[in-house]
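Novice: Starting from these lines, generate the structure:
(one chain, ligands or ions: 1)
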Amino acid sequence: MLILLRQGKISKWFSGIGQEAISVGVATAMKTEEYILPMHRNLGIFTTRNIPLNRLFSQWQGKANGFTNGRDRSFHFGTQEYNIVGMISHLGPQLGVADGIALASLLKKQKHMTAVFTGEGATSEGDFHEALNIAAVWDLPVLFCIENNGFGLSTPTNEQYKCEHLADKGKGYGMESHIIDGNNILEVYTKIDALCKSIRKSPRPVLVEFKTFRMRGHEEASGNKYVPQDLLDHWAAKDPLENYLEYLHSEKILSEEEEVVIKKEIIHEIDDNLKLAFAEKEVEANTSKELNNVFKDFVFEEVKPSTFVKNIRFVDAISDGLRQSMEKHENLVLLGQDIAEYGGVFKITDGFIGAFGKERVRNTPICESAIVSAAMGLSINGMKAVVEMQFGDFVSSGFNPLVNYLAKSYYRWAENADVVIRMPCGGGVTAGPFHSQTNEAWFTKTPGLKVVYPAFPYDAKGLLATSINDPNPVLFFEHKALYRSIRQNVPTDYYTLPLGKASILKEGRDITIVTYGAGVHWALETLENQKELSAELIDLRSLQPLDIETVYTSVRKTGKLIILQEDSLFGGIASDISALVMENCFEYLDAPVKRVASLETPVPFAKKLEDNYLSKGRFEAALLELLAY
Ligand SMILES: Cc1ncc(C[n+]2csc(CCOP(=O)(O)OP(=O)(O)O)c2C)c(N)n1
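Specialist: Down below sits the predicted model:
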């Protein structure tokens, strides 16, 4: 690999020289049907699982026969065929994903354990703490492997953490831990083999700190000049390959002649596979293929609503929809803070543990990041997950895995994230800057996420059912102010509604109003005051996919468009709708498109301040102004 890198035939390379015994030892001790989640330095895991070398070379050259169609580099891929789940650059989320995979194994009553890797540097990330904490609380069969190789890029361990051994941290999580000489393949294999057997028998997390050393730079281009020579010499004498070879010779297990034969075979294997990869042509860019590979295909299956209806609140419709999806999908798991006995802070899962049990309705520790990652892990291992954010505001603590792991996974290595994140959101409830946000714009701009935002109980129930059926990650926004104030006749049985279809609530000739969520009710109120107005009111219902055609059709008829959004103006969905209409309906417009949004401030607490902040109070005047243009 070092030669190929110098020849410019592969991109970045993270050498594992000095650490080979860990990857090979752990992968050998595990069963091939068990998942391993390696990091950037674990080539030995991929080779031990017998991935054909030509596919690895293709991956590193960005070719189609690799694992990502040229869309991601180095070890940033997974493969269900080999039960390997690769990392994302942010390192830490990997640990929470392992929790989810292990949880799925437990729920499926498989006697499997899962192994996940981290460097000592990444143990400083919050994800490490969260993932270990969750695994401990839930007794998940995860082997957490820390490769302590002395430096995190150039940062030595004494600038990374304060305790003597990282294994000591296990105690803080109530977790068994061990220190293993990572440069001794026999010690790695025998100890890990025993641990794997024991974890399979009595599921629990175990933390292992492998003491080892990185003989090369963090990645080849960065060098390792910061490493003192005597340290390099000390660890060179402990080289895992050299020492094992010496042992095999001294025990007369391997003769010099056999060694030559084996090495020749390996060189041939490498050369032959390199040739195959070199012969493969480069990937061609095909825009429609790229765009079509962001989401897993999902064919909407319509389940028609029954005629029997009940007049219920928005909050009840969501609860009903969720309950019926739990009945329909036996592999669906709910995760969230206080959602079990307590029923969630909005009582949406009240009574669920009685119906579905604590295994499927899981209280989580306050660990948004690792819980979002764990939801991904559940999906990888064949389950579906719905995560309740206690308040949508707190999604910021789980932002990284959501926008980087779940959103990008299908595009990168065709692994979908069958996850719905429920987002109680919105203002008008005098709850201040951290319990009132409507942060859909953080996600509508991230390719790979669907964003649904119903305004009525009927829509909420049917759209939630579809969001759960959809194998892609969906953010499902539920406006808190609507929970107990909006009622509707809602079919009692299970039904589905398609994502990406706006609904026209009122037909009109003079102006088009486009909005969603609480904005729909603000617009309806305004139109009640302006009965003589002929306005067409469109409720978007879902923002990604966005039903822009319905907006175009209406604007072509009315010639005027006003977009009402609860979020602050800049960078919100109203701006994009405005731009799209200008680009596609310019000739039909009789006035500039108007956006009405909340102030460019955080959401204030006191009622008068909040009323002043919200766009609701400015909508009527803006509507009349545009009509008069
Ligand atoms: C969240 C995040 N911050 C910073 C980086 C940049 N970065 C990549 S690897 C690395 C050092 C990792 O050290 P360690 O976990 O010990 O693994 P090692 O490379 O030593 O095997 C850093 C700082 C990153 N990839 N992700």
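Novice: Identify the residue spatially nearest to Phe394, adjacent ones excluded.
Specialist: Using C-beta to C-beta, 6 or more residues apart in numbering and skipping the chain neighbours, the partner closest in space to Phe394 is Glu368 (5.7 Å). Quick note: C-beta positions are derived from backbone N, CA and C, even for glycine.
Novice: And for Lys281?
Specialist: Among residues not flanking Lys281 along the chain, Lys63 sits closest, at 7.7 Å (C-beta to C-beta, 6+ apart).
Novice: Report the distance from stretch 589-607 to the chain centre.
Specialist: Chain-centre distance of stretch 589-607: 31 Å, with C-alpha atoms, centre = their mean, to the nearest Å.
Novice: Name the residues of it that are buried.
Specialist: Neighbour counts using 16 or more other C-beta atoms under 10 Å place 589, 593-598, 603-604 of stretch 589-607 among the buried residues.
Novice: Run through who's touching it.
Specialist: Residues outside stretch 589-607 that contact it (C-beta atoms under 8 Å, 6 or more residues apart in numbering) are 427, 430-433, 436-437, 555, 559-570, 572, 574-575, 577-578, 581-582, 610, 612-615, 618-619, 622-623, 625-626, 629.
Novice: Quick check: end-to-end length of it?
Specialist: Length of stretch 589-607, first residue to last, C-alpha to C-alpha, to the nearest Å: 37 Å.
Novice: What residue in this protein comes nearest to the ligand?
Specialist: When scored by C-beta to the nearest ligand atom, the chain has Gly119 as its residue closest to the ligand, at 2.2 Å.
Novice: Now do the phi/psi pair for that residue.
Specialist: Reported as degrees, to the nearest 10, the phi and psi values for Gly119 are phi -80, psi 170.
Novice: cool, Arg360 as well?
Specialist: Backbone geometry at Arg360, expressed as degrees, to the nearest 10, gives phi -100, psi -10.
Novice: Report the secondary structure state of the nearest residue to it once chain neighbours are set aside.
Specialist: Sequence neighbours aside, Val333 is the residue nearest to Arg360 in space, at 5.2 Å (criterion: C-beta to C-beta, 6+ apart). Assigned with DSSP: H, G, I helix; E, B strand; the rest coil, Val333 falls in the strand class.
Novice: Val420 is in contact with Glu478, correct?
Specialist: No - using C-beta atoms under 8 Å, Glu478 is not in contact with Val420, being 11.3 Å away.
Novice: The contacts of stretch 589-607 in strands, which ones?
Specialist: The strands, defined by DSSP state E, take in 561-568 from those.
Novice: could you dump those to JSON lines with distance to Met113?
Specialist: Converted to JSON lines, the ones in strands among the contacts of stretch 589-607 look like this (distance: C-beta to C-beta, whole Å):
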{"residue": "Leu561", "distance to Met113": "57"}
{"residue": "Ile562", "distance to Met113": "57"}
{"residue": "Ile563", "distance to Met113": "52"}
{"residue": "Leu564", "distance to Met113": "52"}
{"residue": "Gln565", "distance to Met113": "48"}
{"residue": "Glu566", "distance to Met113": "46"}
{"residue": "Asp567", "distance to Met113": "44"}
{"residue": "Ser568", "distance to Met113": "47"}
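Novice: Widest-spaced pair of the residues you listed?
Specialist: Based on C-beta to C-beta, the longest span within the ones in strands among the contacts of stretch 589-607 runs between Leu561 and Ser568 and measures 19.8 Å.
Novice: Which one's more surrounded, these two?
Specialist: Between Leu561 and Ser568, counted using other C-beta atoms under 10 Å, the more crowded position is Leu561 (29 against 19).
Novice: just checking, that one touches Val555?
Specialist: Yes - Leu561 lies in contact with Val555 (C-beta under 8 Å); the separation is 5.0 Å.
Novice: overlap in contacts of those two?
Specialist: If you check Leu561 and Val555 against C-beta under 8 Å, 6+ apart, the residues they both contact are 512, 581, 589.
Novice: Near Arg362, how many other residues are there?
Specialist: Using other C-beta under 10 Å, the number of residues around Arg362 comes to 22.
Novice: In a strand, it, correct?
Specialist: Yes - per three-state DSSP, Arg362 lies within a strand segment.
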